[in-house]
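J.: generate coordinates for the sequence data below:
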Amino acid sequence: MKKQNNTKTIQLRISEAEKERITKYAAQANTSCSEYIRTCCLSDEKVIFLTEGADIAKNFAELNAILYQCKYRHCMEEETAEKLTADMEQITELLLKVLEKCTSIHSEEDEYVNC
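T.: Take a look at the predicted model:
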């Protein structure tokens, strides 16, 4: 049995410059233009598309996972593990503050900011 396609099409008029911006931002977010527009328009939350920051966030998450494994497998002294855990928590707080600032930045040109 053939699967039904329940998607609908919307046509809109935009300038060439607007099309180029949407295409550029969608590519930076590693998504299609349709998905980018749906996310920006339909999300109830603030939307952040991490581009260059994505690698930082990924590496930070990997470091956190390694620290967690070392801490609970007793691969390091408890004092060292506690110090590293406290440092990682501080870094997490700072990163969250940076993300919050990214969501509150609006330029005259861009309603949605790519950080």
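
J.: from now on I want contacts and neighbour counts done on CA atoms only, so please keep to that.
T.: OK.

J.: low pLDDT regions in this protein?
T.: Applying pLDDT under 70 to the chain flags the ranges 1-4, 46-54, 99-115.

J.: what's the longest helix in it?
T.: In the chain, taking DSSP state H as the definition, the longest helix is helix 78-104.

J.: which strands and helices sit next to that helix?
T.: Counting contacts by 3 or more Cα pairs under 8 Å, 6 or more residues apart in numbering; DSSP states H and E, helix 78-104 is packed against helix 53-73.

J.: could you check the angle the helix it packs on makes with helix 78-104?
T.: Going by axes from the mean of the first three to the mean of the last three Cα atoms, to 10 degrees, helix 53-73 is angled at 160 degrees with respect to helix 78-104.

J.: in helix 53-73, what's buried?
T.: Neighbour counts over helix 53-73 (16 or more other Cα atoms under 10 Å) mark 60, 64, 67, 71 as buried.

J.: same question for stretch 32-46.
T.: For stretch 32-46, using 16+ other Cα under 10 Å, the buried residues are 33, 36-37, 40.

J.: and residue 12, how many neighbours?
T.: The number of residues packed near residue 12 is 5, by other Cα atoms under 10 Å.
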